[in-house]
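Q: Compute the structure for the input listed below.
(one chain, ligands or ions: 1)
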Amino acid sequence: LLMAYDPARRLARLQVSLERAAVNARMVYEILDTVPHQRDKADAKELAFTNAAVELRDVRFRYPNGDEVLKGVSFVAEGGKTTALVGPSGAGKSTVISLIPRFYDPASGQILIDGQDIADVTKQSLRQGIAYVSQQPYLFEGSIRDNIRYGRIDATDAEVEDAARLAYAHEFILAQPQGYDTPVGENGMTLSGGQRQRLSIARALVRNAPILLLDEATSALDTESEAAVQKALDHAMDGRTVIVIAHRLSTVVNADKIIVMKDGSVVEEGTHVDLARRPDGLYARLHNLQGQSSEEQSPEGEAPEAPA
Ligand code: ATP
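A: Just a heads-up that it's a prediction; the model follows:
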């Protein structure tokens, strides 16, 4: 697993100016890290997953160099359901996501998984239960097979291939010069945005974790890749507790619950139908904006209308 470290660290160094990209790369390797090198509480227990329900209780957080960015955030992401985080840029959505695998710890408040405070469990047991798919899928230096296997290092070749099939990646992998052994990463084969996304989804699938954290891509893919990525994501989301930073209208509309954030607080919560009924609400306003931009982004044209 050490191999997973250096490229990620190098990437983080290369992109110091791009704080967000660096954070994403760090999240990838932190989550993948199964070596408990970080301090756990002396009496830390193994996290026991049942429904994989996630609850934030009055969570406050500030980055070491900054203002308070989460100002008492509370919500429940029910087990096996999809919870969408929406809100303007800077609202704190990515920060919420980064606290769940304990990339950072809250200043106060609690995060519970199946009723267990994540501060009281081993990081290893916590992170083993979490998969993360980012906007900018990170490929490590190595073969395609290695890149999928980083999701779970003891996965067999058959498990890697099954995950690739579910992620709609198997066929394009077989079409590469050396199939699953084709090198990718900095010096390897160049893959399209949609192909990288599907590899990263295959990596999440092979991990088979009960919780999936998803930062939905904003960049437009061509229609064909978009459809393949969406089908791959549907498989990855199936039966899992999903917390998604949602940019696509269809994701938000289909979510079991929507959490609307603004300036570090939850300002509205409900289903699409609930929230669209509040014409003065932030969601309804974002929703109209999002309808316009998603029309630009998606050629198949998702209807932006709210139910009356
Ligand atoms: P976006 O939709 O733009 O991704 P977001 O809702 O995910 O926004 P966050 O990325 O969580 O919002 O950011 C919340 C606040 O925290 C912003 O003011 C941001 O500038 C700040 N912030 C984010 N990451 C860091 C960091 N690593 N160090 C310092 N401040 C940060």
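
Q: Check the residue nearest the centre of the chain and give its pLDDT.
A: Among the residues of the chain, residue 214 comes closest to the average C-alpha position under Cα atoms, centre = their mean, at 2.2 Å. Reading off the confidence values, residue 214 has pLDDT 93.

Q: Isn't it up against residue 248?
A: No. The pair residue 214 and residue 248 fails to qualify as a contact (Cβ atoms under 8 Å) at a distance of 11.0 Å. Where you see a C-beta, it was placed from the backbone N, CA and C, and this is true even at glycine.

Q: mind checking the SS state of residue 111?
A: Taking DSSP: H, G, I helix; E, B strand; the rest coil as the rule, one finds residue 111 in the strand state.

Q: ok, and the closest non-adjacent residue to it?
A: Distance criterion Cβ to Cβ, 6 or more residues apart in numbering; nearest residue to residue 111, sequence neighbours excluded, is residue 118 at 5.0 Å.

Q: okay, now that neighbour: neighbour count?
A: Burial of residue 118, expressed as a neighbour count using other Cβ atoms under 10 Å, amounts to 21.

Q: How much space separates it from residue 209?
A: When Cβ to Cβ, to the nearest Å is the yardstick, residue 118 and residue 209 sit 14 Å from each other.

Q: Report the helix or strand with the lowest average pLDDT across this structure.
A: Considering only helices and strands, the least confidently modelled element of the chain by mean pLDDT, DSSP states H and E is helix 2-14, at a mean of 48.

Q: so what's the nearest residue to residue 204 once chain neighbours are set aside up against?
A: Distances taken as Cβ to Cβ, 6+ apart put residue 131 closest to residue 204, at 3.8 Å, once the chain neighbours are dropped. Taking Cβ atoms under 8 Å, 6 or more residues apart in numbering as the criterion, residue 131 is in contact with 31, 151, 203, 204, 205, 207, 209, 211, 212, 213, 236.

Q: In this structure the last one contacts residue 133, no?
A: This means residue 236. Yes. Checked against Cβ under 8 Å, the pair residue 236 and residue 133 is within contact range at 6.9 Å.

Q: Quick check: neighbours shared by those two?
A: 201, 204, 212, 214.

Q: Per-residue pLDDT of residue 257, please?
A: According to the per-residue confidence, residue 257 scores 97 in pLDDT.

Q: Tell me the pLDDT of the residue nearest to it when sequence neighbours are not counted.
A: On the basis of Cβ to Cβ, 6+ apart, the spatially nearest residue to residue 257 that is not a chain neighbour turns out to be residue 83, at 4.8 Å. As summarised for this prediction, residue 83 has a pLDDT of 98.

Q: Just the element for residue 83, please.
A: Element membership for residue 83 (DSSP states H and E) is strand 82-86.

Q: Backbone dihedrals for residue 101, please?
A: Phi and psi for residue 101, reported as degrees, to the nearest 10, are phi -80, psi 10.

Q: you'd agree it is up against residue 129?
A: No. Residue 101 is beyond contact range of residue 129, at 9.2 Å (criterion: Cβ under 8 Å).

Q: Need the residues that contact the strand holding residue 83.
A: Outside of strand 82-86, the residues within contact range by Cβ under 8 Å, 6+ apart are 75, 77, 93, 96-97, 237, 241-246, 251-252, 254-261, 283, 286.

Q: can you tell me which of these are in helices?
A: Residues of these located in helices (DSSP state H): 93, 96, 97, 237, 251, 252, 254, 283, 286.

Q: Count the neighbours of the fifth one for me.
A: In terms of burial, residue 251 registers 21 neighbours under the definition other Cβ under 10 Å.

Q: So is stretch 75-95 next to the ligand?
A: Yes. Stretch 75-95 is in contact with the ligand by Cβ under 6 Å from any ligand atom, via 87, 89, 90, 91, 92, 93, 94, 95.

Q: Pretty sure residue 272 sits against residue 257.
A: No. The pair residue 272 / residue 257 is not scored as a contact, 9.7 Å apart, by Cβ under 8 Å.

Q: Now for residue 267: which residues touch it?
A: 87, 260, 261, 282.

Q: How about the residues of the stretch 1-150 of the chain by the ligand?
A: In this structure, the stretch 1-150 of the chain approaches the ligand at residues 19, 23, 63, 65-66, 69, 87, 89-95, judged by Cβ under 6 Å from any ligand atom.
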